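K.L.:
with the input below, show me the fold.
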Amino acid sequence: MCLKPRTELVLDAIILIIAAPIAIGLESTEETLETYHKILIGGLSFAVLAAILLLIGVFSKKLFPLYAGMAIMLLVAVLLFTINVIEWTTGWKYEYIIYGVCFPVFLLYACFDAGRHALELKSSRD
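P.N.:
Down below sits the predicted model:
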């Protein structure tokens, strides 16, 4: 079953609002809180901000919050992937798969959904 872009975007934002604080909690309970961990926590916090902007954009039917959320998500995806590649060189942990692969891919998919919804909104205004 194929959902409308608006519905998919709302689901993506809700998943991100639930998953990012869980990841922040897991990351902040590390025994040694290194610089990389602090950067990951900051990036995941910005992911929550992006999800909130997406929800505001969907429910207010305005393009600016959608574009701002997309920009933040792209930056967070690049940040998470880059930091985890650096951490992969020092060792391996199971959560690197979650932070280094799953989160950035999910953020890029949410950006794609936001772009589809923005195009749909723009065409409905014309």
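K.L.:
mind listing what's buried along the helix or strand that contains F106?
P.N.:
Using DSSP states H and E, F106 sits in helix 103-125. For helix 103-125, burial by neighbour count (16 or more other C-beta atoms under 10 Å) applies to F103, P104, F106, L107, A110, C111, D113, A114, H117, A118, L121. C-beta coordinates here come from the backbone N, C-alpha and C atoms, glycine included.
K.L.:
how about stretch 38-58?
P.N.:
Quick answer for stretch 38-58 (16+ other C-beta under 10 Å): 39-41, 43-44, 47-48, 50-58.
K.L.:
again with stretch 5-14
P.N.:
Going by 16+ other C-beta under 10 Å, stretch 5-14 has these buried residues: P5, R6, E8, L9, V10, D12, A13.
K.L.:
go on, stretch 23-43?
P.N.:
A23, I24, E27, H37, I39, L40, I41, G43.
K.L.:
pLDDT-wise, what's the bottom of those residues?
P.N.:
Confidence by pLDDT is poorest for E27 among these, given 76.
K.L.:
quick one: low-confidence ranges for the chain?
P.N.:
1, 94-96, 126 (pLDDT under 70).
K.L.:
quick one, longest helix in it?
P.N.:
Longest helix in the chain by number of residues (criterion: DSSP state H): helix 63-90.
K.L.:
so which elements touch it?
P.N.:
helix 35-60, helix 95-97, helix 103-125 (3 or more C-beta pairs under 8 Å, 6 or more residues apart in numbering; DSSP states H and E).
K.L.:
just put the ones you listed in TSV and tack on distance to I86.
P.N.:
TSV is the format used below for these (distance: least, C-beta to C-beta, whole Å):
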stretch	distance to I86
helix 35-60	7
helix 95-97	11
helix 103-125	14
